[in-house]
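Enquirer: predicted coordinates and the sequence they were generated for:
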Amino acid sequence: EVQLVESGGGLVQAGGSLRLSCAASGYTFDDYAIGWFRQAPGKEREGVAYISSSTSRTGYEDSVKGRFTVSSDNAKNTVYLQMNSLKPEDTAVYYCYVDTVRREYWGQGVQVTVSA
């Protein structure tokens with residue numbers, strides 16, 4: 001069974017940093033890219049970043065470019081999202097996601113709150 005488990009959220013002041021982790025299991029980690037999404041209250045879920053574990057190719061949503069960095073540790077089957085220079089508008093529940101072609105999987109989400 002595919003599982004994605006996020007950790008590392010919390011409360012931080014504007015300008016601070018957090019690192020989120022997404023531990024994946026139940027499938028061959030290198031086979032599929034993993035994405036990070038977020039959903040703020042009253043807003044639709046949006047893509048933030050992604051990484052291909054096999055090629056290390058990454059992509060970012062414009063508002064986080066230069067502030068967020070996505071990386072993976074293939075030995076640990078874990079993807080990280082390093083978030084620096086956090087802003088109040090980054091406040092959201094953050095989810096990791098994988099599409100194995102058969103179906104999509106989401107983690108349970110982790111709350112990130114950035115105070116002004």
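Expert: Great, that's in hand. Residues are numbered from 1 along each chain as shown.

Enquirer: check contacts around the most centrally placed residue in the chain.
Expert: Ranked by distance to the mean C-alpha position of the chain (Cα atoms, centre = their mean), the top residue is Trp36 at 3.1 Å. With contact taken as Cβ atoms under 8 Å, 6 or more residues apart in numbering, Trp36 is in contact with 20, 22, 47-50, 70, 79, 81, 94-97. Where C-beta positions appear, they are placed from N, C-alpha and C, glycine not excepted.

Enquirer: how about the strands of this protein, start to end?
Expert: 3-7, 10-13, 18-25, 34-39, 46-51, 58-60, 68-73, 78-83, 92-99, 104-106, 110-115 (DSSP state E).

Enquirer: which positions within stretch 23-38 qualify as buried?
Expert: Of the residues in stretch 23-38, those scored as buried under the neighbour-count criterion (16 or more other Cβ atoms under 10 Å) are 23-24, 27, 29, 32-38.

Enquirer: straight-line length of that stretch, end to end?
Expert: The first and last residues of stretch 23-38 sit 17 Å apart, counting by Cα to Cα, to the nearest Å.

Enquirer: what of stretch 63-81?
Expert: 15 Å.

Enquirer: could you do stretch 59-68 as well?
Expert: Criterion Cα to Cα; first-to-last residue distance in stretch 59-68 is 10 Å.

Enquirer: list the contacts of it.
Expert: Counting by Cβ under 8 Å, 6+ apart, stretch 59-68 makes contact with 46-50, 70, 81-86, 89-90, all of which sit outside it.

Enquirer: in it, what's buried?
Expert: By neighbour count on 16+ other Cβ under 10 Å, the buried set for stretch 59-68 is 60, 64, 68.

Enquirer: now for the nearest residue to Tyr105 once chain neighbours are set aside, how many residues are close by?
Expert: With Cβ to Cβ, 6 or more residues apart in numbering as the measure, Val2 is the residue that lies nearest to Tyr105, at 4.7 Å, once sequence neighbours are left out. Neighbour count for Val2, taken as other Cβ atoms under 10 Å: 14.

Enquirer: that'll do, ta.
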